[in-house]
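In: Have a look at this prediction, sequence included:
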Amino acid sequence: MFIPTSKKEIEALGWAELDVILFTGDAYIDHPAFGAAVIGRVLEADGFRVAIVPQPNWRDDLRDFKKMGAPRLFFGVTGGCMDSMVNHYTANKRLRSNDAYTAGATAGFRPDDAVTVYSRILKNLFPETPVVIGGIEASLRRLTHYDYWRDTLKPSILLDSRADLLVYGMGEHIIRKIARHLNEGKKINELTEIPQTAFLVQTLESLNFGIFESLNSFEDCLKDKRKFAENFCLLETESNKMHAARLIEPVAGKYAVVNPPEYRFDENDVDFAFDLPYTRLPHPRYKNKPIPAFEMIKFSVNIHRGCFGGCSFCTISAHQGKFIINRSERSILNEIRQIVQMPDFKGYLTDLGGPSANMYCMKGRDAGLCSKCSRYSCIYPKLCKNLDNSHSPLLALYAKVRNMEGIKKLFIGSGIRYDLFMDAHGFLSREHARYFDELLQHHVSGRLKVAPEHISPHVLKAMRKPIFEIFLKMKEEFERIDRVKKLRQQLVPYLISSHPGCTEADMRQLIGIMQQKRINRSLQVQDFTPTPMTLSSVMYYCGFDPYTGKKLYVARQKEEKMKQKEYFNSFIQPLPI
């Protein structure tokens, strides 16, 4: 059964009252890849009565917000699996014409700043009922952040949304703690010790915080970009620690408090959310209208969380953390068996991956060293000596999936980090050579997508990406294996224009090298979009590297950005992103 989405469905269940009502900017897809479904299912597993209101209408008489009344415990609000502003606008701030998370791909079913809009409506209608916000949109705005679409700094989303509590990161275990505490009779403002949450307080005197780090105030950041840069460096450093400090930031006469994250490395903790009884389908209310985001992942499986790549423009470490948290083989194989039973499955799995396809089971050899580490990346600027980057567990998993009944082919759709198995001289070991060979022979659907992003050393340094020579060595091995095994596959590089540090001369050099190396048959390209809580967006806003203070060229004007991207357009016909 689906989680109910209407009063009629609730009445059919015989429920007189709801414990939690979830509002989401996405269509409701009952699948472990969609956050609202996961939160709903974990609360349901704890015995709570939950309903989901997908894509409520915020422009009429607000009947979607009123129809179920107030829940007994709290409202939960998420913008969806994708930030609503990124969902709505291109890098040049042009309105997009479609929405991959809506039935029929129709645009216009969610507002800009969806979390803030939904939360404010609920606080106006039901001022006594707690509102808990979460998901990527809330997570990346938990403190002062740069808003690219308004070209200004914005305070913690807690201030504008008026929400009572914010859950950042992957919050299925945290939301269970919140529900249990409220169910026991505690007040929402008493929940100050729950990890991975943020909230506003008028004073710090009554709170027993112990050790914490103080950030510059929102108002000081507005006056001085260097204050904002200092905040980011402290936030990123703490985010990359296994045992982080609590952060406190003054804002509008209050204090935004961010409790440290909770890392659960036991596979059973991750398996719990994936093993719940999802239908794995969109709700019947959509009457079989295709939802592109679902069609993309319906036959794919997520095998881990987190990423230790540390790329400047990526939000994964700020949201999921840099430490890899794996699912067990048992849970992964059970999910694949469920997919095999789907009536329209033809035997082809489209992905077995995660934030990065080849980080499964990777961790520090000495956990004690990891517990003291605050590096933003385990592989940049070079591989950490403590990192166990063995691909053996992944190869064993691939082999088991290939031999499962009902599986004709397993493709790897997630991007791979080739700097985990190669350097500029070649493969790091025989095992790593075997991984690449098996990947190309068994798991590429004709195109292998990789992300060198650029060729210029200083641009790659700003991006925290490996030197281009490693890509060239990987390309050489790709072509050798392709030729020997007669695979007839394509290598598809991802490239970015207008990243901080990138000039028009750098783009000319990029295209020149691509032509020289004959990498011009197929590319996937995009213009850089500054998103909250990334190093790249801080560099874009400040015009300098926040760690060194060194000035960077930034293509800030629309014309500059378009001119840089035009180099791609004049070079090849890029593939769609």
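Out: Perfect, thanks for sending it. Numbering: from 1, shown residues only.

In: Please make it C-alpha for all contacts and neighbour counts, starting now.
Out: Noted.

In: what does the longest helix anywhere in the chain rub up against?
Out: Secondary structure of the chain per DSSP state H: the longest helix is helix 468-485. Applying C-alpha atoms under 8 Å, 6 or more residues apart in numbering, the set of residues contacting helix 468-485 from outside is 418-419, 422-426, 437, 440-441, 452, 454-457, 487-489, 491.

In: could you redo the last one with a cut-off of 6 Å?
Out: Helix 468-485 is contacted from outside by 423-424, 455, using C-alpha atoms under 6 Å, 6 or more residues apart in numbering.

In: Tell me the helix or strand right after that helix.
Out: Downstream of helix 468-485, the next assigned helix or strand under DSSP states H and E is strand 490-497.

In: one step back: export the contacts of helix 468-485 as a markdown table, with columns for pLDDT.
Out: Shown next, in a markdown table, are these (pLDDT from 0 to 100):
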| residue | pLDDT |
| --- | --- |
| D423 | 97 |
| A424 | 96 |
| I455 | 96 |
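
In: ok, back up a step: check the offset of the longest helix of the chain from the chain's centre.
Out: Distance of helix 468-485 from the chain centroid (C-alpha atoms, centre = their mean, to the nearest Å) equals 30 Å.

In: Excluding covalently adjacent residues, which one is nearest to Q524?
Out: Excluding the flanking residues, the one nearest Q524 by C-alpha to C-alpha, 6 or more residues apart in numbering is Y494, at 4.8 Å.

In: now swap in Q526 and tell me
Out: Using C-alpha to C-alpha, 6+ apart, the closest residue to Q526 is I496 (5.2 Å).

In: who are the neighbours in contact with that neighbour?
Out: Listed by C-alpha under 6 Å, 6+ apart, the contact partners of I496 are 453, 525-527.

In: In helices only, show me those.
Out: Reading helices off these, I find no matches (DSSP H).

In: I'd like to know how many residues surround L153.
Out: A total of 19 residues lie near L153 under the criterion other C-alpha atoms under 10 Å.

In: three-state assignment of it?
Out: Look at L153: counting by DSSP: H, G, I helix; E, B strand; the rest coil, its state is strand.

In: What separation do you get for it and D220?
Out: Using C-alpha to C-alpha, to the nearest Å, L153 is found at 11 Å from D220.

In: Next: Y286.
Out: 48 Å.

In: As a check, name the ranges of all helices in the stretch 351-500 of the chain.
Out: Under the criterion DSSP state H, counting those that start in this stretch, the stretch 351-500 of the chain contains helices at 367-371, 392-402, 430-442, 457-463, 468-485.

In: And those: which comes nearest R141?
Out: Among these, helix 457-463 comes nearest to R141, with 21.4 Å by C-alpha to C-alpha.

In: Show residues contacting that closest one.
Out: 311-312, 501-502.

In: Just the buried positions in that helix, please.
Out: Using 16 or more other C-alpha atoms under 10 Å as the test for burial, helix 457-463 gives 459-463.

In: export the residues you listed to CSV and tack on distance to A16?
Out: Formatted as CSV, the buried residues of helix 457-463 follow (distance: C-alpha to C-alpha, whole Å):
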residue, distance to A16
V459, 59
L460, 58
K461, 58
A462, 56
M463, 54
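
In: ok, back up a step: mind putting the contacts of I496 in JSON lines, neighbour count, pLDDT and distance to Y28 included?
Out: Shown next, in JSON lines, are those (neighbours: other C-alpha atoms under 10 Å; pLDDT from 0 to 100; distance: C-alpha to C-alpha, whole Å):
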{"residue": "E453", "neighbour count": "22", "pLDDT": "96", "distance to Y28": "34"}
{"residue": "V525", "neighbour count": "21", "pLDDT": "90", "distance to Y28": "30"}
{"residue": "Q526", "neighbour count": "19", "pLDDT": "92", "distance to Y28": "29"}
{"residue": "D527", "neighbour count": "19", "pLDDT": "95", "distance to Y28": "30"}
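
In: Just the ones in strands from these, please.
Out: Among the contacts of I496, the members falling in strands (DSSP state E) are 453, 525-527.

In: Report the residue ranges of every domain in the chain.
Out: Listed by automatic domain parsing, the domain ranges of the chain are 7-190, 299-445, 451-577.

In: So for R280, which of those sits nearest?
Out: Judging the domains of the chain by C-alpha to C-alpha, what sits closest to R280 is domain 7-190, at 4.4 Å.

In: Restricting the selection to alpha carbons, write the longest helix of the chain to CSV.
Out: The C-alpha trace of helix 468-485 is given here as CSV (Å, rounded to 0.1, in the frame of the first residue of the first chain):
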residue,chain,number,x,y,z
PHE,A,468,44.6,16.2,-16.7
GLU,A,469,47.4,13.8,-17.3
ILE,A,470,45.6,11.1,-15.3
PHE,A,471,42.6,11.5,-17.6
LEU,A,472,44.8,11.1,-20.6
LYS,A,473,46.4,8.0,-19.2
MET,A,474,42.9,6.6,-18.5
LYS,A,475,41.8,7.5,-22.0
GLU,A,476,44.8,5.6,-23.4
GLU,A,477,43.9,2.5,-21.4
PHE,A,478,40.3,2.8,-22.4
GLU,A,479,41.2,2.9,-26.1
ARG,A,480,43.6,0.0,-25.7
ILE,A,481,41.1,-2.3,-24.0
ASP,A,482,38.4,-1.1,-26.5
ARG,A,483,40.6,-2.0,-29.4
VAL,A,484,41.8,-5.4,-28.1
LYS,A,485,38.4,-6.5,-26.9
